[in-house]
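[1] Below are the sequence and a predicted model; questions follow.
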Amino acid sequence: MAGNIEYIINRTAFELIAEEILAYLDIDKILGVLINDGLFAMWIYACEKMRLEKDVWRDIERQGLEALERQKIVKFFCKICQLTEGLEKETVYENTLANLQRRFQEIQGRKMEEGRRKKEYEKAFYSELNQFFIDLAGDLPKLLFMRDLMEKVLLYARYHAKAVRV
């Protein structure tokens, strides 16, 4: 069942709504950016709309990546990764988290003021998550396929959200 594209798309769309990762009104906006400007633009827009909580970096130092995984943008990234993992058996999300863990530990090991540490965390965070999209852009057929999948996921999510609202 894991290789069935329609199943993966429907499951991902449903989870975006059921786990309250995307709100009904945000779906249309994100979908519009995807259709008009492409996958990377959609990701940048989503990052801006689903900003990280203010104290997340302090929580990461205490709780590790668990604190980060509760953030909506990370959950959204996870769902995007599920699309590729379901089709290619890659573990993009887990690899990204492992890279983040390594980079965060390096940052924690350095002596610096809190404001600078926060900037280093943010830089590492966005750098790692953006790398997925940069790598995707290196393979045009895969990029276009992923764009089509994401469009369908967002359309299905909109219908799931409508059904829940009624």
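    Okay, I see it. Numbers count the residues shown, from 1 in each chain.

[2] Mind checking what secondary structure the most far-flung residue of the chain relative to its centre has?
    Taking C-alpha atoms, centre = their mean as the measure, the residue most remote from the mean C-alpha position of the chain is Lys111, 29.9 Å away. Counting by DSSP: H, G, I helix; E, B strand; the rest coil, the backbone at Lys111 sits in coil.

[3] Now do the contacts for the nearest residue to Arg158 once chain neighbours are set aside.
    Among residues not flanking Arg158 along the chain, Ile27 sits closest, at 4.8 Å (C-beta to C-beta, 6 or more residues apart in numbering). Any C-beta I mention is one placed from the backbone N, CA and C, and that applies to glycine too. Shown in contact with Ile27 (C-beta atoms under 8 Å, 6 or more residues apart in numbering): 154, 157-158, 161.

[4] ranges for the helices of the protein?
    Here the chain has its helices, by DSSP state H, at 5-18, 24-37, 39-49, 56-63, 65-69, 72-88, 92-109, 114-137, 140-165.

[5] I'd like those helices laid out as CSV, including mean pLDDT.
    Below are these laid out as CSV (pLDDT from 0 to 100):
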stretch, mean pLDDT
helix 5-18, 92
helix 24-37, 94
helix 39-49, 92
helix 56-63, 80
helix 65-69, 82
helix 72-88, 81
helix 92-109, 83
helix 114-137, 86
helix 140-165, 92
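
[6] Leu39 reaches Asp148, doesn't it?
    No: between Leu39 and Asp148 there is no contact under C-beta atoms under 8 Å: 9.8 Å.
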